[in-house]
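Colleague: got a predicted structure plus its sequence, pasted below:
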Amino acid sequence: MRMVRLLVTGTPGVGKTTIATGLARIYGATIVGLDEIITPVLKWDPELQTYHVTNENEARKLITERLKTLNSYIIDTVAVNLIDVSLIDWCIVLRLEPTQLMDRLTQRSWPHCKVVENVLAEIVGSSLVMAINMFGRDRVIEVDTTNKNVDEVVNYITNRIADRRPAVGVVDWLDDVDTNLLISLSKELDICLS
Ligand code: ADP
Ligand code: MG
């Protein structure tokens, strides 16, 4: 089996863990959860309700050490910046229509502000921008998962990889999203940040 070294990223709730699992099955690759590797340098931030990396250099070192022991791996993470680019062949960025993402995140019983922040991050494409910034357009595959089942998403990705075809600029939520939703989310974010 060919070696694959993939990173699966995107806003929380877009389906990273689900799709990484599907890809790992197809390729016979190991799924690497970054959180478990960098546990020694993670600290819970009760205000932001999220983990915070206390030492980025140490985190990078721990990740590199672990990845070097593996041939094929699929990393599921939002923390794209912690991974050495030379250890990844393709960065997969999953996208999901923002109102559907809102529904999924609302089910997580997260604080409302955390939902708002993440839906806005999806609308502006924060994950995609970070991925392009780290890996360059030639190594990014952006995938619109909206109304696609897991098999359809996995097939799309494996076909792109087989054909060595990157994809960027696949969706533009800013153009698609209702202006009133955008305004109300921005107002809510202001309140959250105040
Ligand atoms: P992430 O790891 O990015 O936070 P998850 O993989 O946990 O996202 O998926 C979030 C939720 O969405 C889960 O309940 C999962 O079953 C569901 N889900 C993921 N991908 C799809 C899909 N393509 N179609 C429908 N539901 C999905
Ligand atoms: Mg996950």
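Modeller: Looks like it arrived, so ask away. Ligands and ions are numbered 1, 2, ... in the order given.
Colleague: what does the chain put close to ligand 1?
Modeller: Residues of the chain found near ligand 1 (Cβ under 6 Å from any ligand atom) are 10, 12-18, 104, 145, 148-150, 153. Quick note: C-beta positions are derived from backbone N, CA and C, even for glycine.
Colleague: show me which residues of the chain sit near ligand 2.
Modeller: K16, T17 (Cβ under 5 Å from the ion).
Colleague: so which of the residues of the chain next to ligand 1 wins on neighbours?
Modeller: Neighbour count (other Cβ atoms under 10 Å) singles out G10 as the most crowded of these, with 29 neighbours.
Colleague: on the three-state scheme, the residue nearest to that one when sequence neighbours are not counted is what?
Modeller: Leaving aside its chain neighbours, G10 sits nearest to L94 (3.7 Å; criterion: Cβ to Cβ, 6 or more residues apart in numbering). Assigned state for L94: strand (three-state reduction, DSSP: H, G, I helix; E, B strand; the rest coil).
Colleague: so K148 is in contact with Y156, correct?
Modeller: Yes - assessed by Cβ atoms under 8 Å, K148 is found in contact with Y156 at 7.4 Å.
Colleague: mind checking the longest helix of the chain?
Modeller: helix 179-193 (DSSP state H).
Colleague: centre of the chain to that helix, how far?
Modeller: 23 Å (Cα atoms, centre = their mean, to the nearest Å).
Colleague: could you do stretch 177-190 as well?
Modeller: With Cα atoms, centre = their mean, you get 23 Å for stretch 177-190.
Colleague: what's the answer for stretch 72-80, then?
Modeller: 8 Å.
Colleague: what of stretch 124-134?
Modeller: 10 Å.
Colleague: so which elements touch the longest helix of the chain?
Modeller: helix 112-124 (3 or more Cβ pairs under 8 Å, 6 or more residues apart in numbering; DSSP states H and E).
Colleague: pull out the buried positions in the helix it packs on.
Modeller: K114, V115, V116, E117, N118, V119, L120, A121, E122, I123 (16 or more other Cβ atoms under 10 Å).
Colleague: pLDDT of stretch 173-185, averaged?
Modeller: The pLDDT scores in stretch 173-185 average 96.
Colleague: what's the span of it, first residue to last?
Modeller: One end of stretch 173-185 sits 14 Å from the other (Cα to Cα, to the nearest Å).
Colleague: and the contacts of that stretch?
Modeller: R95, E97, P98, T99, V116, V119, L120, E122, I123, V124, G125 (Cβ atoms under 8 Å, 6 or more residues apart in numbering).
Colleague: list phi and psi for the second one.
Modeller: Meaning E97. phi -50, psi 130 (degrees, to the nearest 10).
Colleague: local confidence estimate at the residue lying farthest from the centre of the chain?
Modeller: Going by Cα atoms, centre = their mean, the residue of the chain most distant from its centre is S194, 27.3 Å out. We have a pLDDT of 91 for S194.
Colleague: this protein: helices as residue ranges?
Modeller: Under DSSP H, the chain gives helices at 16-27, 34-37, 56-67, 98-106, 112-124, 126-135, 150-162, 173-176, 179-193.
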